[in-house]
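[1] Following is a predicted model, sequence given first.
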Amino acid sequence: MDWLVQIFGEAQQYLFEGVVQPFLFHAGMANLLEDGYAATGWLLVGLIEIVIMMGIIVPLQHWKPVEAVVDRQAIRVDIIYTLIHRLGLFRLGLFFTIDPMWDAVMGKLHVWGFPVFHLDDIWPGVTDNAWVSLILYLLVFDLVEYWIHRGQHGYTWWWKLHAVHHSQRQMTVWSDDRNHLLDDVIHDAIIVLVAQLIGVAPGQFVAIVALTQLSQSFQHANVRIWFGKLGERLWISPRFHRRHHAIGIGHEPLAPVRNKKVHGNNFGVLLPWWDMAFGTANFDLRYDPTGIRDQVQPNAQGQLRDYGRGFWAQQWRAVLRLMGRA
């Protein structure tokens with residue numbers, strides 16, 4: 001793994017010295033050089049992801065689409081979400097808000113005698129290997145992601161935020177980052193806390209996040225692809241995750257029918273193993289329309305719920321739902 005880390009480090013240094021550092025000096029923010037260097041790493045990861053998305057996954061969508069593209073405006077809005085997240089704009093906000101808070105909390109705990117723990121120290125001689133350590137951390141984070149996702153569907157207030165993600169009826173490679181910003185803050189706060197508690201190294205954390213984001217982009221793609229009976233049980237495919245987004249099947253925590261499958265399935269992020277272990281896996285080979293039931297099924301007053309068309313409209317209407325006004 002050393003050669004990969006070296007290549008990435010050299011590219012990060014080049015991008016920092018050539019673009020980010022001059023910008024910080026010009027803007028009078030030289031005091032933020034250390035944070036700027038870390039942010040450059042995330043920017044580089046995002047740029048690599050976007051290149052892969054455009055160079056590989058987008059052509060796959062043209063080659064083997066599930067459905068025809070009929071709402072290009074919705075896709076353009078999703079691209080805005082993607083750029084905000086993958087180019088580090090959202091994470092830059094976390095650098096100045098959530099991350100310092102957790103650093104302060106963990107620093108205080110260590111001063112009080114809270115032990116420093118590293119998950120990869122539990123099996124000396126085995127987890128010393130960088131790849132084994134990476135896989136171990138990946139498994140832990142994926143399990144945490146599974147339960148975060150269950151919470152997003154299981155708690156009514158959280159679903160009102162997470163519904164922004166599910167309201168996309170024209171799913172594409174750009175749909176993964178379509179989330180309410182508050183939902184993202186809650187999610188990332190939990191992930192950062194777990195990272196602090198289990199002692200994952202910064203480089204490994206970046207690698208896990210990058211792999212997770214790229215895999216999720218592929219899962220949301222408008223591609224008629226599955227991995228076969230065995231492969232579907234080893235890694236989450238676009239078919240597996242599309243089932244999670246299916247109208248009236250994949251979610252709806254408040255569904256009137258007391259049916260376990262109606263209340264949600266296929267919550268996994270990378271591995272389907274957690275869905276299989278906790279009884280939420282659905283391996284039906286289907287490609288259903290995506291969205292939320294109340295977008296297509298009128299309520300008692302004959303009205304459809306409006307989730308917003310533009311970025312700010314989607315963010316605001318989620319706030320109104322939290323307030324019980326939409």
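    Structure received.
[2] Now do the lowest-mean-pLDDT helix or strand in the chain: which elements does it pack against?
    Ranked by mean pLDDT, DSSP states H and E, the helix or strand of the chain with the weakest confidence is helix 98-111, at a mean of 73. Identification of packing neighbours for helix 98-111 by 3 or more Cβ pairs under 8 Å, 6 or more residues apart in numbering; DSSP states H and E yields helix 181-198. (Glycine included, C-beta is placed from N, CA and C.)
[3] Downstream of the helix it packs on, the next helix or strand is which one?
    Remark: after helix 181-198, the chain's next helix or strand is helix 202-219, criterion DSSP states H and E.
[4] List every C-alpha atom in that following helix, with coordinates, as PDB.
    Backbone C-alpha positions of helix 202-219 (Å, rounded to 0.1, in the frame of the first residue of the first chain) are rendered in PDB as follows:
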ATOM      1  CA  PRO A 202      -6.400   9.400   8.800                       C
ATOM      2  CA  GLY A 203      -5.100   7.700   5.600                       C
ATOM      3  CA  GLN A 204      -7.300   4.700   6.200                       C
ATOM      4  CA  PHE A 205     -10.300   6.800   6.900                       C
ATOM      5  CA  VAL A 206      -9.900   8.700   3.700                       C
ATOM      6  CA  ALA A 207      -9.600   5.400   1.800                       C
ATOM      7  CA  ILE A 208     -12.700   4.000   3.400                       C
ATOM      8  CA  VAL A 209     -14.800   7.100   2.700                       C
ATOM      9  CA  ALA A 210     -13.500   7.200  -0.900                       C
ATOM     10  CA  LEU A 211     -14.400   3.600  -1.500                       C
ATOM     11  CA  THR A 212     -17.800   3.900   0.100                       C
ATOM     12  CA  GLN A 213     -18.700   7.000  -1.900                       C
ATOM     13  CA  LEU A 214     -17.600   5.600  -5.200                       C
ATOM     14  CA  SER A 215     -19.400   2.300  -4.600                       C
ATOM     15  CA  GLN A 216     -22.600   4.200  -3.600                       C
ATOM     16  CA  SER A 217     -22.400   6.300  -6.800                       C
ATOM     17  CA  PHE A 218     -22.400   3.100  -8.800                       C
ATOM     18  CA  GLN A 219     -25.300   1.700  -6.700                       C
END
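[5] And the residue nearest to residue 126 when sequence neighbours are not counted, how close does it get to residue 210?
    Leaving aside its sequence neighbours, residue 126 sits nearest to residue 132 (Cβ to Cβ, 6 or more residues apart in numbering; 5.9 Å). Residue 132 sits 19 Å away from residue 210, going by Cβ to Cβ, to the nearest Å.
[6] Quick check on these two: which one has the bigger neighbour count.
    residue 210 (19 against 13; other Cβ atoms under 10 Å).
[7] List the contacts of the more buried one.
    Residue 210 sits next to 45, 48, 49 when contact means Cβ atoms under 8 Å, 6 or more residues apart in numbering.
[8] what's the distance between the last one and residue 88?
    Same thing as residue 49. Here the criterion is Cβ to Cβ. By it, residue 49 lies 11 Å from residue 88.
[9] Looking at those two, which has the bigger crowd around it?
    Neighbour count, other Cβ under 10 Å: between residue 49 and residue 88, residue 88 has more, with 22 against 19.
[10] any idea which residue sits dead centre in the protein?
    Using Cα atoms, centre = their mean, the residue of the chain that lies closest to the mean C-alpha position is residue 213, 5.7 Å off.
[11] okay, it: pLDDT?
    Residue 213 carries a pLDDT value of 97.
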